[in-house]
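Chemist: pasting the structure only:
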């Protein structure tokens, strides 16, 4: 066995090898420093990877939210295409008025995306390695949120990117066939209605215009178009704002130039379903142009707005409210993670 001799700061073993204690300590310190530096570099590299990964997800989430809320998709009517193989989804409502089309989402497209979420989203909107959820929350708390894609049961991630957009949503997929804006006409002093086919007939049957400025009774008459597709998919209601009409002389007529009538109906202080009447007048024609006539007293204090509105077939009567005729403000929430 070798014998080590200690001489000053040197260690001398039996074979003549000489070691400096200071040198050994220096080597130990260098080894420790190198180890710590390597760990630090690994940590920095990991943080850089995390930061790059997060920035990438943010870009994906932002682009995806923009695509869905700012474009109608391709083709624009993809929700009715049937074959979704070549579809790029977008939720913008192309049937909305042009002036407000930029942020109104289509309920039909939302429902189609909900039913075919993975097929339409993966590799078309978000990469395959990303997971996502999508919920639309209406500002009106009486309306239920629309869960397009729910959080999966095995959800477990801390690196979630959230994109929030304020949008408008035609929540009940409603339509307005006729809107008689009597209240605004009080201030704008404009003539209500179109030239009615009842004009030029017997004086007592002629539909002269209502005059709120001079408080003279009269009519507001407008056309609307009816097709079998519309009647098969839509419940048509006559609605007023306010719901309770205080004008005792107010009544309405629906007819057509080929079959004009003076048979009138009173308002009932609730929405009135008129599908049967409209179907009878339209007589199963491919396209029928009908007239909606509203008579009122011209009394400014008893003025009311009137709607001929469409709701999806079978809509719960509790949801037949004029508030739902306008798009509802909502929050579009898209979450993405890996």
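Modeler: Nice, thanks for sending it over. Keep in mind that what you see is a predicted model, and the values were worked out from it rather than measured.
Chemist: burial check on residue 324, number of neighbours?
Modeler: Using other Cβ atoms under 10 Å, the number of residues around residue 324 comes to 19. Using the backbone N, CA and C atoms, a C-beta is placed for each residue, glycine as well.
Chemist: now do the same contact list for it.
Modeler: Taking Cβ atoms under 8 Å, 6 or more residues apart in numbering, we find residue 324 in contact with 171, 172, 174, 311.
Chemist: give me that answer again for 7 Å
Modeler: Shown in contact with residue 324 (Cβ atoms under 7 Å, 6 or more residues apart in numbering): 171, 172, 174.
Chemist: turn these into a markdown table, including pLDDT.
Modeler: Below are the contacts of residue 324 laid out as a markdown table (pLDDT from 0 to 100):
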| residue | pLDDT |
| --- | --- |
| 171 | 80 |
| 172 | 81 |
| 174 | 89 |
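Chemist: what's around residue 299, how many residues?
Modeler: Taking other Cβ under 10 Å as the neighbour definition, residue 299 ends up with a count of 17.
Chemist: just the pLDDT at the spatially closest residue to it that is not a sequence neighbour, thanks.
Modeler: Of all residues not flanking residue 299 in the chain, residue 215 sits nearest, at 5.9 Å (Cβ to Cβ, 6 or more residues apart in numbering). pLDDT recorded at residue 215 is 88.
Chemist: isn't residue 298 right next to residue 219, touching?
Modeler: No. Contact between residue 298 and residue 219 fails when scored by Cβ atoms under 7 Å: they sit 10.4 Å apart.
Chemist: break this protein down into its domains, please.
Modeler: Each structural domain of the chain that the record assigns through automatic domain parsing is listed here as a residue range: 50-171+327-337, 175-314.
Chemist: just send these back as CSV, with distance to residue 25 too.
Modeler: Below are these laid out as CSV (distance: least, Cβ to Cβ, whole Å):
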stretch, distance to residue 25
domain 50-171+327-337, 37
domain 175-314, 84
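Chemist: OK, contacts around the residue nearest to residue 299?
Modeler: Contact analysis of residue 215 by Cβ under 7 Å, 6+ apart lists 298, 299, 300.
Chemist: quick one: which of these is nearest to residue 70?
Modeler: residue 300 (42.6 Å; Cβ to Cβ).
Chemist: count of residues packed around the closest one?
Modeler: If you count neighbours by other Cβ under 10 Å, residue 300 ends up with 12.
Chemist: correct me, but it touches residue 213?
Modeler: No. Checked against Cβ under 7 Å, the pair residue 300 and residue 213 is beyond contact range at 8.5 Å.
Chemist: where in the stretch 151-300 of the chain is pLDDT low?
Modeler: Applying pLDDT under 70 to the stretch 151-300 of the chain flags residues 152-158, 185-193, 200-205.
Chemist: that one: helices as residue ranges?
Modeler: Along the stretch 151-300 of the chain, counting by DSSP state H, counting those that start in this stretch, helices occupy 182-188, 228-233, 275-282.
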